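Participant: Provided below for reference: sequence and predicted model.
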Amino acid sequence: MLKTHRRVSMAFAAIGVSALVLAGCASATTETATTETAAGGDTEETTTNGDVPSWCGPNEASLGLLDGFGGNSWRLITTAAGADEVAKCPSITSYEYADGQGDTQKAISDIQGMVAKGIDALVVFPDSGPAMLPALRSAYEAGVVTVPYRVFPDGTAGVDYDLWVGADFFADGVSWGNWIKANFPDGAKVLFLSGPAGNSQGTTEREGFESVLTDAKYEMIGEQPFEVTNWDPALSQSVLTAAIAKYPQIDVIVSDFGPSLVGALPEFQKAGRSIPAMTASDGNVLACFWEDNKDANPDFKLMTVPTGNDNVRLAVQHAVARATGGVIPTETAWAGPVFEDSTDPAKPVTCRTDLPGGLYLSAEMSGEAQAELLK
Amino acid sequence: MAETLTRGPLKTSRASLSKGLLTVLVSTVGLYILSAVFAPTSITAGPQLSMLAFASVLAVVGLGQMLVVQQGGIDLSVPGAVSLAVVIASHQPNGDDSKLLGAVVMAYGFSLLAGFLNGALVGLLKLNPIIATLGTNALLFGAVLGISGGTPRVTTVLLQDIVHGLTWGIPNEVFFVVAITGIVTLVLKKTTAGRRFEGVGSSGPAARIAGLRVTTHNTLAYVWAQLLFTTAGVMLAGVTNQPTAFQGNSYLLPSVAVVVLGGTSLLGGRGLPLATVIAALFLTQLDQFVLALGVPFAIRTLVQAAALGIGVAAYTINWSGVRARLKELLSTARASNGNKKSFSPPV
């Protein structure tokens, strides 16, 4: 009995200690994240001293950028891009950032806290989706300019928030489709790899390139509507090797997370085939992989669209324009133009061997500044 | 304790040794025949080379889990341990081959820490291994995020060459697994320490009376396991060129599955390293087979689950008991409720 009691109390003590240590770890990570972001923003600020953009109006305002989860390199770069965009407008007198740390309750109370402090505009990455809608609505009803972006929170523009600035995955799909059409006028067998089964990004992209590749000579091979990879490099590798063995002819690979395929593409060479043409989202590691392998693989052409770190910039522009009385941008969804195209000398594939592979050179922020953030 | 009650006379335990290896061998050969008939592309060179690489990683993870399971424990810190090794092996060198050795040493340093933490919590403080190792898992993920901020870097070229290169047409991972399996088997079966380790796992109280260091063996099992998890993580970093920070997540269930499929009892005792490694080959080839069949993702998941269920049932259901009971039911008209306990699976 006594022994059991001792064990139970030991267990509780151990759990308590782990919880404390974990909490320590968590807060430590966030702090570094915030300071690094601030530093990134500052360095950018000094470099931007040109004309005031049209979306920046004359009225002074304060702005808050709220992240639902800020703990990966993509988010770090995105947050720094948001801060950089805000810094272009001198009418924004105060800028605040909060990280929901993946906790919906914290994300909601971040919004409420900023509204209570009398902030004028909010740009929100509503990671938890519809769960964030009541908080967004209450901010909007309190007269705060509220612009959610990227993740759709449900609700209606003008009722629950000012507007939602999404990424135009359909447009990405159309870009890929057009490129395939231009490079394979006689038809092609296309293998599309996306993330988890049924994810809306993959589905929308698929609709995009299907709207262009209407002709029957373009054949979609593999699992429909896309091969499920969970955006996991290991699973991508298994899926791709299976497809290589199964389909003697693959003309184009479409991937909405290009960098995750870098480990898998050499499987083509191992099978004695050239890496085929590829349309994807960008990443420094992918560009460098192309650079290293293009000579040995005559069919390996590469076209990329941006991964979307600058989605936040359009959202910031909308929020600032509304809060400061500037000109509201006409675009309401962020669309990345073609970033790299190995068949077009005007858009060369850019590999920066001096920088880490995990960077997105499509982002407006310079590779050096991103590398600094990721250190 | 339960293990002393359910453990049968020696002859069944001896029979289960050959049963473990035999079952998993027969299943694997059967699977290859199925693959050849229904999805011939899955056994061509490309998929096989890639499959062997992942099977090797799983085999090493499985061997680690087996050592813990032999002591009647379970180590649920596999995802954190593997992810941390992947992150350290890719983040620390950041593409610079010369820093690789330091990174690998650092990874093993962390694995010793985690192993002793698990061992102390379970072996010394007698905490429930499920709770203790889950706690350690959370700590390890704390370290993953602390080191990488959620993103590892690209694997260095040197690590890729060492781990994922080909020697005489065979992926290097296979040589690693053969060596590791050889070491584990030799130490377990041919050394005094190994025999004691198995003895302690079979029956703690009996081993204690025999004067063996029960706590030490219980504790060290978690350390050996962590060392193997880290080895698997470093290998995985070499296999996937651009790993994520959470690459270990998909190894938790399979690590236990290969141990069970390999025939090692979850109650502890005798370990079957070779059968565990073959079970890893079986599970990974099963994935490759279903992928090559081209069935939808949902069916793929169902087939894997079914295979696992059948595999576990093959060992945990007392088939001779079932047969005896069926015979009894058939021969006598009236239903008997007498020997229900022979039915109850240990897990």
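Facilitator: Thanks, I have the structure now.
Participant: hey, where'd the strands end up in the stretch 201-350 of chain A?
Facilitator: For the stretch 201-350 of chain A, applying DSSP state E, counting those that start in this stretch gives strands covering A:218-221, A:227-228, A:252-255, A:277-281, A:302-305, A:333-334, A:340-341.
Participant: note down every partner strand of the third one and its orientation.
Facilitator: Taking DSSP bridges as the criterion, strand A:252-255 pairs within the sheet with strand A:188-194 (parallel), strand A:277-281 (parallel).
Participant: report the contact partners of residue A:289.
Facilitator: Contact analysis of residue A:289 by Cβ atoms under 8 Å, 6 or more residues apart in numbering or on different chains lists A:262, A:265. Bear in mind the C-beta positions are built from the backbone N, C-alpha and C, glycine included.
Participant: before we move on, back to that, could I get the strands of the stretch 201-350 of chain A as CSV with mean neighbour count and distance to residue A:62?
Facilitator: Shown next, in CSV, are the strands of the stretch 201-350 of chain A (neighbours: other Cβ atoms under 10 Å in any protein chain shown; distance: least, Cβ to Cβ, whole Å):
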stretch, mean neighbour count, distance to residue A:62
strand A:218-221, 18, 49
strand A:227-228, 24, 44
strand A:252-255, 26, 41
strand A:277-281, 25, 34
strand A:302-305, 28, 34
strand A:333-334, 18, 24
strand A:340-341, 22, 38
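Participant: got a markdown table for those, with distance to residue A:75 too?
Facilitator: Below are these laid out as a markdown table (distance: least, Cβ to Cβ, whole Å):
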| stretch | distance to residue A:75 |
| --- | --- |
| strand A:218-221 | 32 |
| strand A:227-228 | 24 |
| strand A:252-255 | 21 |
| strand A:277-281 | 16 |
| strand A:302-305 | 19 |
| strand A:333-334 | 16 |
| strand A:340-341 | 23 |
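Participant: lowest-confidence stretch among the ones you listed?
Facilitator: Mean pLDDT is lowest for strand A:333-334 among these, at a mean of 83.
Participant: one step back: which of the strands of the stretch 201-350 of chain A sits closest to residue A:119?
Facilitator: Minimum separation from residue A:119 across the strands of the stretch 201-350 of chain A (Cβ to Cβ) falls at strand A:333-334, 23.2 Å.
Participant: chain center to the closest one, what's the gap?
Facilitator: 13 Å (Cα atoms, centre = their mean, to the nearest Å).
Participant: also stretch B:130-147?
Facilitator: Worked out by Cα atoms, centre = their mean, stretch B:130-147 lies 19 Å from the chain centre.
Participant: and that stretch, C-alpha only, in PDB?
Facilitator: In PDB, the C-alpha atoms belonging to stretch B:130-147 read as follows (Å, rounded to 0.1, in the frame of the first residue of the first chain):
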ATOM      1  CA  ILE B 130       3.800   3.500 -21.100                       C
ATOM      2  CA  ILE B 131       3.600   6.700 -19.000                       C
ATOM      3  CA  ALA B 132       7.300   7.200 -18.400                       C
ATOM      4  CA  THR B 133       8.400   6.700 -22.000                       C
ATOM      5  CA  LEU B 134       5.600   8.900 -23.400                       C
ATOM      6  CA  GLY B 135       6.900  11.600 -21.100                       C
ATOM      7  CA  THR B 136      10.400  11.100 -22.400                       C
ATOM      8  CA  ASN B 137       9.000  11.200 -25.900                       C
ATOM      9  CA  ALA B 138       7.500  14.700 -25.200                       C
ATOM     10  CA  LEU B 139      10.900  15.800 -23.800                       C
ATOM     11  CA  LEU B 140      12.700  14.500 -26.900                       C
ATOM     12  CA  PHE B 141      10.300  16.400 -29.200                       C
ATOM     13  CA  GLY B 142      11.000  19.500 -27.000                       C
ATOM     14  CA  ALA B 143      14.700  18.900 -27.900                       C
ATOM     15  CA  VAL B 144      13.700  18.500 -31.600                       C
ATOM     16  CA  LEU B 145      12.000  21.800 -31.700                       C
ATOM     17  CA  GLY B 146      14.600  23.500 -29.500                       C
ATOM     18  CA  ILE B 147      17.400  22.400 -31.900                       C
END
